[in-house]
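Asker: No letters, just coordinates:
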């Protein structure tokens, strides 16, 4: 049985080197015991040096990114799990991408927990000013992460607070940043840190961003768990802010201006026009659409082409845009594509006059080539500008099912045209 003790710091590099050496020597996962620093270890297992030669091991980049996080988890089996995964990758390189595989699922869960813990540390460390006789200010903080992540999280603080000297104490390790150099030492007892003016700044900031009208205590505690409150000066305000939230929200509502700002008049007018259009006749709808100048396509097209079909059609088909024939006749799906569409409907047993047929874009976009007009696909901006009319038609007809005919229609209806073939029929 081999026993590998990893150092308190440089843990990823140390694990990688040891794992590479044992993999070269074909040491099976069950023959290695792993531990880090002073973590609990087998009393009857002696440290054994790794094999002398280590070959270069090729692994997917996703495994490297995963391992750089997992080694900082508190799970005592983390190193063994990583080595077992490394061993498996030599014969099954695809298992890591299978989230249904329990080995992959467990490693990804550990990495996710470490990433979340690092985020919490970045957000909730609160430095106290220690005073200094030099030009560089000195600060210190105490933090209790759920996992031994100080080595992983410290570079963030070195980059963000590079103009000052600081120390971060945790139960597992201590980080020091002095004169631009980051070092780590053994854990120390929690220091008695003095209060300073920054605490009042944190309280003032938190009080100013606290919105009583949007109070959701459970969501707040999920983002800012209570375990961190004792080290955060602003957390002392939370019980009172929660208790007075309803009163403050009512006072805010009563103090709000009774007159809408001037810019709201245009919004109200547009809403009124939209509501009026919903009840307008088909002729009025066609007239409004024909007068549309929301995008530049109207300047070259002959006319806007509205959808057609029963106002209560249970089925709506949405194509891309009018073609040359549709632009000249002012009706959708009457050109070559429309003839193919009619044959497809007939083979499916659907009468066209029972369905509502329209396009995502209402004007013909083309490039002139002599006497011919060559079709051009509409861009995202043109699709977005024309979506107002399509949404209007959908609300007006209220079909039971909407069928997107192609990527442009899919983007207009869902906001994305990606993975068209995967989404086909859904």
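Answerer: Okay, I see it. Note that the coordinates shown come from a computational prediction; the quantities given were computed from them, not determined experimentally.

Asker: Return the list of helices and strands in contact with the least confident helix or strand in the chain by mean pLDDT.
Answerer: In the chain, the helix or strand scored least confidently by mean pLDDT, DSSP states H and E is helix 262-278, which has a mean of 71. Judged by 3 or more C-beta pairs under 8 Å, 6 or more residues apart in numbering; DSSP states H and E, the packing partners of helix 262-278 are helix 282-290, helix 380-397. (Each C-beta comes from the backbone N, C-alpha and C, glycine too.)

Asker: Could you spell out the sheet neighbours of the following helix or strand past the longest one, each with its direction?
Answerer: Which is helix 380-397. Tracing the chain past helix 380-397, the next element assigned as helix or strand by DSSP states H and E is strand 401-404. In the sheet containing strand 401-404, the strands it pairs with under DSSP bridges are strand 315-319 (parallel).

Asker: How far does the partner strand sit from its chain's centre?
Answerer: In terms of C-alpha atoms, centre = their mean, to the nearest Å, the centre of strand 315-319 is found 32 Å from the chain centre.

Asker: Kindly report the same for stretch 405-415.
Answerer: Its chain's C-alpha centre and that of stretch 405-415 lie 22 Å apart, by C-alpha atoms, centre = their mean.

Asker: what sits up against it?
Answerer: 317-321, 341, 359-361, 377-378, 380, 383, 386-387, 390, 402, 404, 416-417, 420, 423 (C-beta atoms under 8 Å, 6 or more residues apart in numbering).

Asker: Mean pLDDT lowest where, among the helices and strands packed on helix 262-278?
Answerer: Sorting the helices and strands packed on helix 262-278 by mean pLDDT places helix 282-290 lowest, at a mean of 79.

Asker: And the residue lying closest to residue 381 once chain neighbours are set aside, what's its pLDDT?
Answerer: Using C-beta to C-beta, 6 or more residues apart in numbering and skipping residues adjacent in sequence, the residue nearest residue 381 is residue 295, 6.9 Å away. pLDDT for residue 295: 89.

Asker: Surely residue 295 and residue 386 touch.
Answerer: Yes: between residue 295 and residue 386 there is a contact under C-beta atoms under 8 Å: 6.7 Å.

Asker: Between those two, which is the more surrounded one?
Answerer: In this view residue 295 and residue 386 are compared by other C-beta atoms under 10 Å, and residue 386 has more residues nearby, 24 against 19.

Asker: ok, now which ones touch the more buried one?
Answerer: Contacts of residue 386 (C-beta under 8 Å, 6+ apart): 294-295, 360-363, 378, 412.

Asker: One more pass at 7 Å, please.
Answerer: Contacts for residue 386 (C-beta atoms under 7 Å, 6 or more residues apart in numbering) come out as 294-295, 360-362.

Asker: and stretch 21-33, how far out from the chain's middle?
Answerer: A distance of 38 Å separates the centroid of the chain from that of stretch 21-33, by C-alpha atoms, centre = their mean.

Asker: In the contacts of residue 386, find the pair that's most separated.
Answerer: Maximum pairwise distance among these (C-beta to C-beta): 13.4 Å, between 294 and 360.

Asker: Look at those two and report which has more neighbours.
Answerer: For residue 294 versus residue 360, neighbours defined as other C-beta under 10 Å are more numerous around residue 360 (25 against 15).

Asker: give me every residue that touches the more buried one.
Answerer: Under the criterion of C-beta under 7 Å, 6+ apart, the neighbours of residue 360 are 318, 320-321, 383, 386, 390, 408-409, 412.

Asker: So which of those residues wins on neighbours?
Answerer: residue 321 (28 neighbours).

Asker: so which helix or strand takes in it?
Answerer: With secondary structure defined by DSSP H and E, residue 321 is part of neither a helix nor a strand.

Asker: Please report how far it lies from residue 413.
Answerer: To residue 413, residue 321 is 14 Å away according to C-beta to C-beta, to the nearest Å.

Asker: Wait, a strand at residue 205?
Answerer: No: when the secondary structure is assigned by DSSP: H, G, I helix; E, B strand; the rest coil, residue 205 falls in helix instead of a strand.

Asker: how close does it sit to residue 234?
Answerer: Summarising the geometry, the distance separating residue 205 from residue 234, computed by C-beta to C-beta, is 7 Å.

Asker: Those two: who's more crowded?
Answerer: When neighbours are counted by other C-beta under 10 Å, residue 205 and residue 234 differ, and residue 234 comes out ahead with 21 against 11.

Asker: Need the per-residue pLDDT for the closest residue to that one other than its chain neighbours.
Answerer: Across the structure, with C-beta to C-beta, 6+ apart as the measure, the residue nearest residue 234 apart from its sequence neighbours is residue 206 (3.7 Å). At residue 206, the model reports a pLDDT of 86.

Asker: Number of residues surrounding residue 206?
Answerer: Other residues near residue 206 number 17, with proximity taken as other C-beta under 10 Å.

Asker: just checking, it touches residue 235?
Answerer: No: using C-beta atoms under 7 Å as the test, residue 206 is too far from residue 235 to be in contact (8.3 Å).

Asker: about what we covered before: so the residue nearest to residue 381 sits right up against residue 387, yeah?
Answerer: No: counting by C-beta under 7 Å, no contact exists between residue 295 and residue 387, whose distance comes to 10.7 Å.

Asker: picking that back up, list the contacts of the least confident helix or strand of the chain.
Answerer: Counting by C-beta under 7 Å, 6+ apart, the neighbours of helix 262-278 from elsewhere in the structure are 285, 288, 392, 395-396.

Asker: Which of those sits closest to residue 312?
Answerer: Closest to residue 312 out of those is residue 396 (9.9 Å), distances taken as C-beta to C-beta.

Asker: Return the distance of the closest one relative to residue 24.
Answerer: 70 Å.

Asker: So what touches stretch 125-134?
Answerer: Outside of stretch 125-134, the residues within contact range by C-beta under 7 Å, 6+ apart are 137-141, 143, 166, 168, 193-196, 198, 202, 231-233.

Asker: Write a ChimeraX command that selects only the buried members of those.
Answerer: Here the buried members of the contacts of stretch 125-134 are turned into a ChimeraX selection, burial being counted by 16 or more other C-beta atoms under 10 Å:
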select :138,139,140,141,143,166,168,193,231,232,233
